[in-house]
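>>> Starting from these lines, generate the structure:
(one chain, ligands or ions: 2)
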Amino acid sequence: MSRDLFEAARDAMKYAHAPYSKFPVGAAIRADDGKVYAGANIENLSFPQGWCAEPTAIGCMIMGGGRKIVEMAVIAEKLALCPPCGGCRQKIAEFAGPETRIYLCDDGGVQKTLTMDELLPFAFKTESLG
Ligand SMILES: O=c1ccn([C@H]2C[C@H](O)[C@@H](CO)O2)c(=O)[nH]1
Ligand SMILES: [Zn+2]
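Numbering: from 1, shown residues only. Ligands and ions are numbered 1, 2, ... in the order given. Have a look, this model is predicted:
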């Protein structure tokens, strides 16, 4: 993964609205249009109404004209890695393919690289609809 994607995720994290969990997260996507789209988690006083960094980045990608996630970096401010939550895995899968790579990062850079199948095995896919 090139440095710019990591830096975009880390910069996006600065925009997190996470006063309740105090767990800012940043995500950055390189899309099929070559552009980088980033997002942060945005929490809400009514806790279930908040959302993760990944859907913010996906929303930016869709509205910016990107259609496929080529690669995606996720970073949390705290020392621990931030493996995307279950709901995010499904949302990422919607725009991923066999080539997609997901990078779990910390301040030192990429610590783990995953394919979509590793992130969400036995996924619900369009073939499942029959
Ligand atoms: O995949 C994930 C998991 C969690 N969070 C956010 C949601 C919440 O604001 C905070 C603590 O769970 O981390 C993300 O942004 N992405
Ligand atoms: Zn999530």
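
>>> what residues are up against the residue positioned nearest the centre of the chain?
Nearest residue to the geometric centre of the chain (Cα atoms, centre = their mean): Glu54, 3.4 Å. Contact analysis of Glu54 by Cβ atoms under 8 Å, 6 or more residues apart in numbering lists 27, 39, 72, 74, 84, 88, 91-92. All C-beta atoms are positioned from the backbone trio N, CA, C, and that covers glycine.

>>> Can you classify it by secondary structure?
The three-state label for Glu54, taken from DSSP: H, G, I helix; E, B strand; the rest coil, comes out as helix.

>>> quick check, nearest of the contacts of Glu54 to ligand 2?
Nearest to ligand 2 out of the contacts of Glu54 is Cys88 (Cβ to the ion; 3.2 Å).

>>> Ramachandran angles for that closest one?
phi -70, psi -40 (degrees, to the nearest 10).

>>> any idea how far the residue nearest to the residue nearest to the centre of the chain when sequence neighbours are not counted is from Leu114?
Of all residues not flanking Glu54 in the chain, Cys88 sits nearest, at 4.2 Å (Cβ to Cβ, 6 or more residues apart in numbering). Relative to Leu114, Cys88 is positioned 13 Å away (Cβ to Cβ, to the nearest Å).

>>> the more surrounded of these two?
Taking other Cβ atoms under 10 Å, Cys88 and Leu114 do not tie; Cys88 has more neighbours (25 against 16).

>>> contacting residues for the more buried one?
Here Cys88 is in contact with 52, 54-55 (criterion: Cβ under 8 Å, 6+ apart).

>>> filter these down to the ones near ligand 1?
When contact is defined as Cβ under 6 Å from any ligand atom, these meet ligand 1 at 52, 54.

>>> and the contacts of Cys88 near ligand 2, which?
By Cβ under 5 Å from the ion, the members of the contacts of Cys88 lying near ligand 2 are Cys52.

>>> May I see the buried residues of stretch 51-62?
Buried residues in stretch 51-62, counted by 16 or more other Cβ atoms under 10 Å: 51-58, 60-61.

>>> what's the answer for stretch 101-118, then?
Residues 101-106, 114, 116 are the ones in stretch 101-118 that count as buried (16+ other Cβ under 10 Å).
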